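Trainee: what would the 3D arrangement of this be:
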Amino acid sequence: MLRRDKNEKKILDVDASMQGTLMFKDPVNLRINGTFEGKLDTKGSLTISENASVRADINGDEIIIGGKLTGNIVAANSLKVLSSAHIVGDINTPNLSVETGAIIHGKCQMLTGSSLKGSVFNVDELAKYLEVEASNILEWANSGKIPAFKEGNDWRFERPKIEEWIAKEKAK
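Mentor: Sure thing, here's the model as predicted:
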């Protein structure tokens, strides 16, 4: 359901039970009120409301967690954890706010936004990120089909270059 709040921002409210991958290339204001299982890759703001139950790895800009979340979080700008939140997973964000009463089971790394965006993947991390077999990543790297560099004997992949490569491949 798409609606506008009093500040005239477009909000996409998800009250249903959903499963899969939600990916937004353009900024949205997404609010999950029901259950979701899968993967969330958003731009803009993401709110998981107090009654929501989510099992997903989340990548986003500005994230607010009020409900139950099982999964890892990468928030490029900020993460706000409300008192009603229960998170089981690791957190990476440059700005973290946690209200009294919130529960977090996992590791937290507070990196600058540029560090998050400039992260470097190894073969296994990139395979998981792209949801392909590691053997495909090695084949692409060895043949020069994917932007990569060697660190010792190991291939490394810079996230911004991978994001550009993905965009170019989708355009073909």
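
Trainee: when you work out contacts or count neighbours from here on, use the C-alpha atoms and nothing else.
Mentor: Will do.

Trainee: for residue 68, see how far away the one residue sitting closest to the centre of the chain is.
Mentor: By Cα atoms, centre = their mean, the mean C-alpha position of the chain lies nearest to residue 59, the distance being 1.0 Å. Between residue 59 and residue 68 the computed distance is 16 Å (Cα to Cα, to the nearest Å).

Trainee: what's in contact with the strand or helix carrying residue 59?
Mentor: Using DSSP states H and E, residue 59 sits within strand 53-65. Contact with strand 53-65 is made by 33-50, 67-82, 85, as judged by Cα atoms under 8 Å, 6 or more residues apart in numbering.

Trainee: centre of the chain to the helix or strand just after that strand, how far?
Mentor: The helix or strand immediately downstream of strand 53-65 is strand 68-70, counting by DSSP H and E. Averaging C-alpha positions (Cα atoms, centre = their mean, to the nearest Å) puts strand 68-70 14 Å from its chain's average.

Trainee: with stretch 27-47 instead?
Mentor: 10 Å.

Trainee: contacts for it?
Mentor: Under Cα under 8 Å, 6+ apart, the answer for stretch 27-47 is 9-26, 48-66.

Trainee: buried ones among those?
Mentor: Buried by 16 or more other Cα atoms under 10 Å: 11-14, 48-50, 52-66, out of the contacts of stretch 27-47.

Trainee: report the distance from stretch 60-68 to the chain centre.
Mentor: With Cα atoms, centre = their mean, you get 10 Å for stretch 60-68.

Trainee: circling back: list buried residues within the contacts of strand 53-65.
Mentor: Using 16+ other Cα under 10 Å as the burial test, the contacts of strand 53-65 include 33-37, 39-50, 67-82, 85 as buried.

Trainee: the residues you listed in helices, which ones?
Mentor: Counting by DSSP state H, no part of the buried ones among the contacts of strand 53-65 is found in helices.
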